[in-house]
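**Student:** Prediction below, plus the sequence it came from.
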Amino acid sequence: MRRVTEEILHDAHFGEQGGRLTYGAYLHLPELLDQQVPESSPPAHDELLFITIHQVYELWFKLLLSELTDARDRMLAGEAYLPRVRLERCLVVERVLVNQVDVIDTMTPQDFLAFRNKLAPASGFQSAQFREIEFLSGAKDPGYLRRFKGLADDDRARLQARLDEPSLWDGFLAALAKADFDVSTSDARFAAYAAIANDRERYGQLWDLAEALVAHDQAFSLWRARHVLMAERQIGTKPGTGGSAGGAYLRSRIEMRFYPELWELRSRL
Ligand code: HEM
Ligand SMILES: N[C@@H](CC(=O)c1ccccc1NC=O)C(=O)O
């Protein structure tokens, strides 16, 4: 009698029709796994960890941009259900982004210092996708584009496009307008939020959508707070490789909110 594993391997016909696809080819693993190139020579032991974690962040940022863009487009079209579904997936990914800081925390500051001097003037400040997420979410600060050193032309064009196009917040207001709320003034908008908050039986989908936006906003605040601790744990009060004051600059960003009106609503309920 053949062993069970052999049966599984040889008798499975699912999806085999004429295909030559393999796991590695589908996922472009040779290319993907060839992209971790340490700057230090001989390589400092922890530099592979440092490169890997940033690449993983950027892959998740790419997914977030795809999900958030779809949520924005659907809200602009007046939808509420699928935008919330998209935002909830983003929230789960964002929790992963916050929690994987634990992996960087396994690095000691001495081991970071073994390759840190090779990194300047690069820093996370130059993450175009991170800034794209901020712009798309609603925090459009053109100053970041002006201050960006060494930004590739295609990244600059993508960031400019994110500044020019509607944000998630514009999408949310479009969804409210589609439900016949006046969103033209601050007073009118707060009246709309209160109406939605106070009649969830009628406006449940819009309420859930607003809450999903608050959760997305909160997740990014948590990431910023966690990032400050990650940075200070490594470099204390030293200035950053990107030329900022370091922890003090990062700390100043913690209070930033994508949707201040949805936070202000809490005080008015
Ligand atoms: C050893 C770990 C880390 C340290 C010490 C650190 C430190 C810093 C510092 C000091 C800055 C301010 C810019 C500068 O002057 O350099 C910064 C910005 C930034 N870092 Fe990190 N970082 C670390 C890990 C990470 C990781 C894993 C990510 C994930 C992508 C990341 C993403 C960012 C982003 C997006 C910014 C810009 C933040 C903003 O402008 O609001 N950092 N980091
Ligand atoms: N800014 C960090 C260095 C750093 O973390 C970094 C360097 C190059 C590319 C990405 C980085 N990550 C976040 O800033 C520092 O000052 O030590």
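**Tutor:** Noted; the coordinates are in hand. Ligands and ions are numbered 1, 2, ... in the order given.

**Student:** in what helix or strand does the closest residue to ligand 1 within the stretch 151-269 of the chain lie?
**Tutor:** Minimum separation of the stretch 151-269 of the chain from ligand 1 (Cβ to the nearest ligand atom) falls at Gly240, amounting to 2.2 Å. (Each C-beta comes from the backbone N, C-alpha and C, glycine too.) Using DSSP states H and E, Gly240 falls within no helix or strand.

**Student:** mind checking the longest helix of this protein?
**Tutor:** Once the chain is assigned using DSSP state H, the helix that runs over the most residues is helix 200-235.

**Student:** is ligand 2 contacted by that helix?
**Tutor:** Yes: residues of helix 200-235 contacting ligand 2 under Cβ under 6 Å from any ligand atom: Ile235.

**Student:** packing partners for that helix?
**Tutor:** With contacts taken as 3 or more Cβ pairs under 8 Å, 6 or more residues apart in numbering; DSSP states H and E, helix 200-235 sits against helix 81-99, helix 101-104, helix 109-116, helix 128-137, helix 168-178, helix 186-198, helix 247-252, helix 260-268.

**Student:** Now render those as CSV, adding mean pLDDT, distance to Gly204 and mean neighbour count.
**Tutor:** Formatted as CSV, the entries for the helices and strands packed on helix 200-235 read as follows, by pLDDT from 0 to 100; distance: least, Cβ to Cβ, whole Å; neighbours: other Cβ atoms under 10 Å:
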stretch, mean pLDDT, distance to Gly204, mean neighbour count
helix 81-99, 98, 10, 17
helix 101-104, 98, 34, 14
helix 109-116, 98, 48, 16
helix 128-137, 98, 23, 21
helix 168-178, 98, 13, 21
helix 186-198, 98, 9, 15
helix 247-252, 95, 37, 16
helix 260-268, 98, 16, 13
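
**Student:** For whatever residue of the stretch 1-150 of the chain ends up closest to ligand 2, give me its contacts.
**Tutor:** The shortest separation between the stretch 1-150 of the chain and ligand 2 is 2.9 Å, found at Gly124 (distances taken as Cβ to the nearest ligand atom). Gly124 sits next to His54, Phe130, His227, Gly242 when contact means Cβ atoms under 8 Å, 6 or more residues apart in numbering.

**Student:** I figured the second one hits Phe61, correct?
**Tutor:** The reference is to Phe130. Yes: Phe130 is in contact with Phe61 according to Cβ atoms under 8 Å; the separation is 6.2 Å.

**Student:** Skipping its backbone neighbours, what lies nearest the residue of the stretch 151-269 of the chain closest to ligand 1 in space?
**Tutor:** Ranked by Cβ to Cβ, 6 or more residues apart in numbering and with sequence neighbours excluded, the top spatial neighbour of Gly240 is Gly246, at 4.4 Å.

**Student:** ok, now Leu87?
**Tutor:** Excluding the flanking residues, the one nearest Leu87 by Cβ to Cβ, 6+ apart is Ala212, at 3.8 Å.

**Student:** give the contact list for that neighbour.
**Tutor:** Ala212 is in contact with Pro83, Arg84, Leu87, Glu88, Leu91, counting by Cβ under 8 Å, 6+ apart.

**Student:** and the angle for the longest helix of the chain with helix 109-116?
**Tutor:** Per axes from the mean of the first three to the mean of the last three Cα atoms, to 10 degrees, the angle that helix 200-235 makes with helix 109-116 is 80 degrees.
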